[in-house]
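**Student:** No letters, just coordinates:
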DNA sequence: GCCTTACGTAAGCTTCTGCTTAAATAACGT
DNA sequence: ACGTTATTTAAGCAGAAGCTTACGTAAGGC
């Protein structure tokens, strides 16, 4: 989980995730859309796979990557739990702020 | 925003955020609850402040830190947007998975 | 079998991170 | 002014991260 958070903190990896969320893509197809080299992309894919965010499937000589919804569900739960760890009241605080701002009051 | 994501990817920093979410705490009080040294905590606080996740207030010789709800709101929006970037359908996919699992079918 | 295609893995380099100890700064009390 | 308390800043280090080039491996085509 820790791993997943670190994984999505990297911009290239977020782009990869967005790409493979719509279609299943081969490593090469993914790499083609990046400035960085294929091995670099391959390494990112490994990180994402180990974080449980993508799944791999072999098709002949190619490897197809796709999003792994369960991984995302887990990550979301983790974040929800984190927000809830006392940060729950933040929502209320933010809303109060919002209300005050709308009434033309200065932010604290 | 990028910064905020990286900030919460670090375990110590998440703990710090949880701590200051309930009470406003001084740097020293925070450091007291950690194994790492005060300067290390101070550096984490700098990262959190630059990421917009905490606010600092001076009180005499001390510096009190508190959560900055707006920062969290922004981070959440960013993540929502990210999930939405085509990952929106994941929710549905996950639910379908769930349904299949319940019916005793193998996960793909 | 041999060549090609599509990958990952290894090795090595540079930059970033998280940490420590030591020194600087800021506000206060006397 | 001086010392004390609270905290940051500086310097430096070890390990991690992201990248590249070079090499290894696996599946197919001929």
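**Tutor:** Everything's here; your move. No experiment lies behind these values; they were computed from the predicted model shown.

**Student:** Sketch out the helices for chain A, chain order is fine.
**Tutor:** Along chain A, counting by DSSP state H, helices occupy A:2-8, A:11-22, A:27-32, A:38-50, A:69-84, A:88-102.

**Student:** Which one of these lies nearest to residue B:1?
**Tutor:** helix A:11-22 (10.8 Å; Cβ to Cβ). All C-beta spots, glycine's among them, are computed from the backbone N, C-alpha and C.

**Student:** From the contact counts, what lies against the closest one?
**Tutor:** Helix A:11-22 sits against helix A:2-8, helix A:27-32, helix A:38-50, strand A:54-59, strand A:62-67, with contacts defined as 3 or more Cβ pairs under 8 Å, 6 or more residues apart in numbering or on different chains; DSSP states H and E.

**Student:** how about the ones you listed in a markdown table, adding mean pLDDT?
**Tutor:** Listed next are the helices and strands packed on helix A:11-22 as a markdown table, based on pLDDT from 0 to 100:
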| stretch | mean pLDDT |
| --- | --- |
| helix A:2-8 | 95 |
| helix A:27-32 | 97 |
| helix A:38-50 | 98 |
| strand A:54-59 | 96 |
| strand A:62-67 | 97 |
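
**Student:** returning to that earlier point: would you turn the helices of chain A into CSV with mean neighbour count?
**Tutor:** Shown next, in CSV, are these (neighbours: other Cβ atoms under 10 Å in any protein chain shown):
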stretch, mean neighbour count
helix A:2-8, 18
helix A:11-22, 18
helix A:27-32, 16
helix A:38-50, 16
helix A:69-84, 16
helix A:88-102, 13
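
**Student:** Any idea which of the helices and strands packed on helix A:11-22 gets closest to residue B:65?
**Tutor:** Closest approach to residue B:65 among the helices and strands packed on helix A:11-22 (Cβ to Cβ): helix A:2-8, 21.9 Å.

**Student:** Now find how far off-centre that closest one is within its chain.
**Tutor:** 8 Å (Cα atoms, centre = their mean, to the nearest Å).

**Student:** near DNA strand D, anything from that helix?
**Tutor:** Yes: counting by Cβ under 7 Å from any atom of the strand, DNA strand D has neighbours in helix A:2-8: residue A:6.

**Student:** who's in contact with that helix?
**Tutor:** By Cβ atoms under 8 Å, 6 or more residues apart in numbering or on different chains, the surrounding residues in contact with helix A:2-8 are A:13-14, A:17, A:47-48, A:50-53, A:71, A:74-75, A:78, B:5, B:8-9, B:11, B:82.

**Student:** quick one on the thing from earlier: out of the helices of chain A, flag the one nearest residue B:43.
**Tutor:** Across these, closest to residue B:43 is helix A:2-8 (Cβ to Cβ), at 18.5 Å.
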